[in-house]
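Q: A predicted structure for the sequence below; I have some questions about it.
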Amino acid sequence: METLERWVDRAILIMLAVAGAGLVAMMIHVTADVLMRYFFNHPIRDTIETASYYYMILIVFLPLAFVERKSEHIEVELFVQFLGTRLRNVFYVAGRLFSMIFFGILTYVSWIDAVDYARIRETPMGSDLEIWPSRFALPIGFGLLVLAMALHAAKALMHLQQVKPQGDGPAYAREDQP
């Protein structure tokens with residue numbers, strides 16, 4: 001289990017680094033476009049398309065698993081807060097299983113779409129910038145999210161009697177670490 005966690009955590013950190021690089025690249029690209037537009041009257045071509053179809057997709061979808069590993073997704077405990085630890089953990093596992101099914105379907109459908117768009121070499125209207133490669137960020141992000149949820153569900157199943165700690169992800173995600 002620990003080996004699987006290490007591999008998933010490495011993949012999560014790689015995706016987080018790619019998303020961070022996308023954020024930095026978007027800031028530089030948009031700033032350069034604004035400077036070129038106003039000082040030289042020569043904007044960088046396809047800046048809006050690149051930001052919309054590449055940078056923002058990477059920034060939004062690749063870090064999903066990181067948020068799950070940190071246990072930072074929104075959880076509403078309105079009714080389960082009154083239940084015992086064991087039953088609360090059963091609901092937690094059930095919620096993760098339903099979420100895994102939902103995001104598993106999203107992974108599959110977005111993969112099929114990405115392959116279809118790659119086959120036709122998708123471009124936005126009015127541009128010849130190929131945007132199909134960014135479509136693969138969705139199944140990668142969703143698939144890694146499913147793995148992170150599976151790890152949390154497995155840990156909760158193995159420890160049904162224990163209270164689930166907040167931020168029960170890897171050491172780099174815990175707030176109590178220096």
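A: Good, I have the coordinates.
Q: Tell me who's in contact with the residue nearest to the spatial centre of the chain.
A: By C-alpha atoms, centre = their mean, the chain has its centre lying nearest to Leu64, at 2.3 Å. By C-beta atoms under 8 Å, 6 or more residues apart in numbering, the residues touching Leu64 are 141-142, 144-145. Heads up, the C-betas are built off the backbone N, CA and C, glycines and all.
Q: Leu83 now?
A: With C-beta under 8 Å, 6+ apart, Leu83 has these contacts: Phe91.
Q: Which parts of the protein are helices?
A: Listed in chain order, the helices of the chain (DSSP state H) span 2-40, 47-50, 56-61, 64-69, 85-120, 137-158.
Q: Pull out the buried residues from the fourth one.
A: Judged by neighbour count (16 or more other C-beta atoms under 10 Å), helix 64-69 contains these buried residues: 64-69.
Q: The second one too?
A: Under the neighbour-count criterion of 16+ other C-beta under 10 Å, helix 47-50 has 47, 49-50 buried.
Q: mind giving me a markdown table with these and columns for distance to Phe103 and pLDDT?
A: Shown next, in a markdown table, are those (distance: C-beta to C-beta, whole Å; pLDDT from 0 to 100):
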| residue | distance to Phe103 | pLDDT |
| --- | --- | --- |
| Thr47 | 32 | 92 |
| Glu49 | 27 | 92 |
| Thr50 | 27 | 94 |
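Q: Dump the residues you listed to TSV, plus distance to Ala11.
A: TSV is the format used below for those (distance: C-beta to C-beta, whole Å):
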residue	distance to Ala11
Thr47	30
Glu49	28
Thr50	25
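Q: Which pair of the buried residues of helix 64-69 spans the longest distance?
A: Greatest spatial distance among the buried residues of helix 64-69 (C-beta to C-beta): Leu64 and Arg69, at 9.9 Å.
Q: Residue ranges in the protein under the pLDDT threshold?
A: Within the chain, the set of residues satisfying pLDDT under 70 comprises 163-178.
Q: now the farthest one out in the protein, which residue is it?
A: Outermost in the chain, C-alpha atoms, centre = their mean: Phe40 at 37.8 Å.
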